[in-house]
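Visitor: Pasting a predicted model and its sequence here:
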Amino acid sequence: DSGVTQTPKHLITATGQRVTLRCSPRSGDLSVYWYQQSLDQGLQFLIQYYNGEERAKGNILERFSAQQFPDLHSELNLSSLELGDSALYFCASSVGGLAGYNEQFFGPGTRLTVL
Amino acid sequence: AQSVTQLGSHVSVSEGALVLLRCNYSSSVPPYLFWYVQYPNQGLQLLLKYTTGATLVKGINGFEAEFKKSETSFHLTKPSAHMSDAAEYFCAVSDQGSYIPTFGRGTSLIVHP
């Protein structure tokens, strides 16, 4: 158990819909990262928040957005969903803001299926 | 930007045999290097990392990796495979001062009895 929690574990929805994925980092970790894992794209970094502020942005679509709240939990919002958005979405956390140096602790993921 | 190449999407070994998973990166400047493991239906877990110092890094579960600057490689090895090692392994690389590592496509390790 990494200490990172994600809800829900599974999500099935239809094209055009909007969903929210939730992540609670390990106690004491200030950074939260979101990744998308799919068979064709592999593990893709989406976005990072550090202590409530956006720190780094990766291959995140404009239809996707995220935020980190004062209690440090984070939510990833996916809207106007398409079939290609079906994937495993991981949240990770680290103590510092430099994932390039600090170890990241990954949650168990949310499996999103868009029908 | 960094790129990471993991040679072989699948590697199959017999239980007790040597495990060798290959990782090459693109930077000419020594980066930070990581190996993560992902067991079925779980998130990624850090096996080991190299930042500075000794180029042979020991990790959890008997795995180790050697940073070879001249070859821009960071291959992962284990002397004797166990059935429990069957998982997906990811190499990740980041430039010093970078916020985010770049992950390879992963190598699925299959262990036969």
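Guide: Perfect, thanks for sending it. Numbers count the residues shown, from 1 in each chain, chains lettered A, B, ... in the order given.

Visitor: pLDDT below threshold where in chain A?
Guide: Within chain A, the segments meeting pLDDT under 70 span A:99-100.

Visitor: mind listing what the helix or strand that contains A:Phe45 pairs with, with the direction of each?
Guide: Assigned by DSSP states H and E, A:Phe45 falls within strand A:42-50. When pairing is defined by DSSP bridges, strand A:42-50 lines up against strand A:31-38 (antiparallel), strand A:53-57 (antiparallel).

Visitor: The closest residue to B:Thr51 other than its chain neighbours and B:Ser108: what is the separation?
Guide: Nearest in space to B:Thr51, with sequence neighbours left out and distances taken as CB to CB, 6 or more residues apart in numbering or on different chains, is B:Tyr32 at 5.1 Å. Backbone N, C-alpha and C define where each C-beta goes, glycine included. Per CB to CB, to the nearest Å, B:Tyr32 is found 24 Å from B:Ser108.

Visitor: ok, the lowest-mean-pLDDT helix or strand in chain B: who's next to it in the sheet?
Guide: Counting by mean pLDDT, DSSP states H and E, the weakest-scoring helix or strand in chain B turns out to be strand B:102-103, with a mean of 88. Its sheet considered, strand B:102-103 pairs with strand B:87-94 (antiparallel) by DSSP bridges.

Visitor: mind checking how far the partner strand is from the chain centre?
Guide: 5 Å (CA atoms, centre = their mean, to the nearest Å).

Visitor: Can you tell me which of the strands paired with strand A:42-50 is packed in deepest?
Guide: Comparing these by mean neighbour count (mean count of other CB atoms under 10 Å in any protein chain shown), strand A:31-38 comes out on top with a mean of 24.

Visitor: Give me the residue at the spatial middle of the chain.
Guide: The chain I'm using is chain A. The residue lying closest to the centre of chain A (CA atoms, centre = their mean) is A:Trp34, at 2.9 Å.

Visitor: nope, chain B
Guide: Judging by CA atoms, centre = their mean, chain B has its centre closest to B:Trp35, at 3.7 Å.

Visitor: Can you check the pLDDT for B:His10?
Guide: Looking at B:His10, its pLDDT stands at 95.

Visitor: Quick check: the residue nearest to the centre of chain A touching A:Leu78?
Guide: No. Counting by CB atoms under 8 Å, A:Leu78 is not a contact partner of A:Trp34; they are 10.3 Å apart.

Visitor: picking up where we left off before, neighbour-wise, which of B:Tyr32 and B:Ser108 wins?
Guide: Between B:Tyr32 and B:Ser108, counted using other CB atoms under 10 Å in any protein chain shown, the more crowded position is B:Tyr32 (22 against 15).
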